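Student: coords below, sequence missing:
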């Protein structure tokens, strides 16, 4: 059996520092929103993307806990971890369950509750996505790893400080039209290049924030989608997933993201699409330089010329290929395990024509790219309007 | 870091012990059980040469808690002569003198103090040459 998969429901919270809500509260809130949006009366199985509830909240055994609090015990529930790509990978696993015929209605969620610990502990938890023994031991941080990529990209290809800043300016502008975004404030290039230095050349406004948030989607076989609420069914037509060394220094070209290129190649092939067929993208802009390198790795921009994308207007809402219309990780927020699921939600919302002020005209084909660590894992999905 | 894991990693941290593949000659640091290039499983232990050049670097201004007292500090990727790369701090120079491409040598240094097991952590750092 090999069935097509549709996304029939989506739900998430207004992301931010949600001190009044617990880990289980935010997950259940997003999951119930997705269940209501789909109009399903039950779910058959659940996958949850989560990077580190153990370090952030001292809580493991997450899938059963969430199935219980969602009122769905005894359904099978599975937690999926691949650092910052946990959410995207949970979507892939949910798709496989539906495609295989194992289950019909599958909820895929992602959650991270990051503000229950202080910045030091959060930094430690996030750093566990890098090689603890050969990177973290030496004193490097995630901003530090991406800063080394940025310096290399600037020295090798002439990418400028202003081009990096344009990515943040664009994504904050997009977030200003997203009611779920953590940082909807518009910013300027001047704001970015005068913000506090974190790891040269990256400044605080080059970095995605620490966020509490959850996201959930409901999947079912495409042939069953008409039984539920009357949304435009959105088909997941391409899935790609690849891995690489998690230690940045062992990669031949630290500015390249081979796992992203490999995952994209598989997704394009499965969906029978080329990069030029893609109308809009949600990509993993954990740092401004990441969006630049990712667009190159996906074949959207030529190698070395990713900096021109935001700077020329190409990837803005009114440009030819809008990127991160949700505000991206940078401004919508980055509750690590939820990010990959929320990327799917943005593309579905756009294809349904429900994106309000940030609606992309005639959006029918979109791509999501969700990446773990400094590029050690990547999951790519291609979504299309099914009618 | 626990005492057992610190003890286990001493050959790499103190002596830069690596593994050379007996089939294709590729050097892996840290040592591996299977060669990533040719899949051979037999290796000999070799020490990395302590000369190389800096590929890229950053200055860490916001550090993990055990490194907070060291900020700002430089960290970078060093390509050693045997075509092996390591990541480490760059020390014994002014931060504004560090440039990509500069030759460095790898030296034995204190990395961090007062870990959870109460031990001082030692390891390797890069020092600019002709300095």
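Tutor: Thanks, I have it. Quick caveat, the model's predicted, so the values are computed rather than measured.

Student: in chain A, which helix or strand is least confident?
Tutor: Scoring the helices and strands of chain A by mean pLDDT, DSSP states H and E places helix A:119-127 at the bottom, with a mean of 89.

Student: from the middle of its chain, how far away would that helix be?
Tutor: How far helix A:119-127 lies from its chain's middle: 20 Å, per C-alpha atoms, centre = their mean, to the nearest Å.

Student: Please identify which helix or strand holds residue 89.
Tutor: Went with chain A since none was named. helix A:86-99 (DSSP states H and E).

Student: Chain B is the one I meant
Tutor: In the assignment (DSSP H and E), residue B:89 maps to strand B:85-90.

Student: Counting by contacts, list what that strand packs against.
Tutor: Packing contacts for strand B:85-90, counted by 3 or more C-beta pairs under 8 Å, 6 or more residues apart in numbering or on different chains; DSSP states H and E, involve strand B:51-60, strand B:73-80, strand B:103-112, strand B:121-128. Yep, even glycine has a C-beta here, placed from its N, CA and C like the rest.

Student: Most tightly packed of those?
Tutor: For the helices and strands packed on strand B:85-90, the largest average neighbour count (mean count of other C-beta atoms under 10 Å in any protein chain shown) is found in strand B:73-80, namely a mean of 23.

Student: low-scoring pLDDT stretches of the chain, where are they?
Tutor: You didn't say which chain, so I picked chain A. Applying pLDDT under 70 to chain A flags the ranges A:1.

Student: actually it's chain B I care about, not the one you picked
Tutor: B:1, B:114-117, B:131.

Student: what does the stretch 101-250 of chain A have sitting close to chain B?
Tutor: Within the stretch 101-250 of chain A, the residues that sit near chain B (C-beta under 8 Å from any C-beta of the partner chain) are A:120, A:123-124, A:127, A:133-141, A:143-144, A:147-149, A:151-152, A:155, A:196-202, A:247-250.

Student: Emit the ChimeraX select command for whichever of these are buried.
Tutor: This is how ChimeraX selects the buried members of these, with burial counted by 16 or more other C-beta atoms under 10 Å in any protein chain shown:
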select /A:123,124,127,133,134,135,136,137,138,139,140,141,143,144,147,148,149,151,152,197,198,199,200,201,202,247,248,249,250
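
Student: can you pull up the bridge partners for the nearest residue to residue B:102 once chain neighbours are set aside?
Tutor: Distances taken as C-beta to C-beta, 6 or more residues apart in numbering or on different chains place residue B:54 nearest to residue B:102, at 5.1 Å, with adjacent residues excluded. In this entry, residue B:54 is beta-bridged to residue B:78, by DSSP bridges.

Student: Now chain A against chain B: closest residue?
Tutor: Closest residue of chain A to chain B, C-beta to the nearest C-beta: residue A:147 (3.7 Å).

Student: a strand runs through that residue, doesn't it?
Tutor: No: counting by DSSP: H, G, I helix; E, B strand; the rest coil, residue A:147 falls outside a strand, being helix.

Student: right, and it touches residue A:199 too?
Tutor: Yes: Residue A:147 lies in contact with residue A:199 (C-beta atoms under 8 Å); the separation is 3.9 Å.

Student: residues shared between the contacts of those two?
Tutor: residue B:58 (C-beta atoms under 8 Å, 6 or more residues apart in numbering or on different chains).

Student: Figure out which of the helices and strands packed on strand B:85-90 is closest to residue B:22.
Tutor: Comparing the helices and strands packed on strand B:85-90 by their distance to residue B:22 (C-beta to C-beta), the top pick is strand B:73-80, with 20.3 Å.

Student: now the residue of chain B found nearest chain A, nearest residue through space, not along the chain?
Tutor: Of all residues in chain B, residue B:58 sits closest to chain A, at 3.7 Å by C-beta to the nearest C-beta. Spatially, and ignoring its direct neighbours in sequence, residue B:58 is nearest to residue A:147 (3.7 Å; C-beta to C-beta, 6+ apart).

Student: Same question for residue A:265.
Tutor: With C-beta to C-beta, 6+ apart as the measure, residue A:240 is the residue that lies nearest to residue A:265, at 6.7 Å, once sequence neighbours are left out.

Student: what kind of secondary structure is residue A:28 in?
Tutor: At residue A:28 the chain is in helix, as set by three-state DSSP.

Student: okay, now it: neighbour count?
Tutor: 21 (other C-beta atoms under 10 Å in any protein chain shown).

Student: which residues does it contact?
Tutor: Contacts for residue A:28 (C-beta under 8 Å, 6+ apart) come out as A:66, A:69, A:70.

Student: need the residues of chain B near chain A, please.
Tutor: B:1, B:5, B:9, B:30, B:55-67, B:70, B:73, B:75-77, B:85-89, B:100, B:111-112, B:121, B:123.

Student: The stretch 251-387 of chain A: strands as residue ranges?
Tutor: Using DSSP state E, counting those that start in this stretch, the strands of the stretch 251-387 of chain A run over A:280-282, A:365-372, A:377-385.

Student: if I look at residue A:16, how far off is residue A:305?
Tutor: The spacing between residue A:16 and residue A:305, counted by C-beta to C-beta, to the nearest Å, is 35 Å.

Student: nope, residue A:74 is what I meant
Tutor: 53 Å.

Student: Could you do residue B:63 as well?
Tutor: Taking C-beta to C-beta, one finds residue B:63 at 33 Å from residue A:305.

Student: Also residue B:9?
Tutor: Separation of residue B:9 from residue A:305 (C-beta to C-beta) stands at 41 Å.

Student: can I assume residue B:77 is in contact with residue A:254?
Tutor: Yes: here residue B:77 lies in contact with residue A:254, judged by C-beta under 8 Å, at a distance of 6.8 Å.

Student: Could you name every residue contacting both of those two?
Tutor: Shared contacts of residue B:77 and residue A:254 (C-beta under 8 Å, 6+ apart): A:148, A:248, B:55, B:56.

Student: Same list, the residues you listed, but as a markdown table with distance to residue B:95 please.
Tutor: Below are these laid out as a markdown table (distance: C-beta to C-beta, whole Å):
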| residue | distance to residue B:95 |
| --- | --- |
| A:148 | 15 |
| A:248 | 21 |
| B:55 | 17 |
| B:56 | 15 |
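
Student: Verify the stated contact: residue B:6 with residue B:122.
Tutor: No: using C-beta under 8 Å, residue B:6 is not in contact with residue B:122; the gap is 9.2 Å.

Student: show me what contacts the residue of chain B positioned farthest from its centre?
Tutor: For chain B, the largest distance from the centre (C-alpha atoms, centre = their mean) belongs to residue B:23, which lies 25.3 Å off. Counting by C-beta under 8 Å, 6+ apart, residue B:23 makes contact with B:35, B:38, B:40, B:42.

Student: 6 Å instead?
Tutor: The contact partners of residue B:23, taken as C-beta atoms under 6 Å, 6 or more residues apart in numbering or on different chains, are B:38, B:40.
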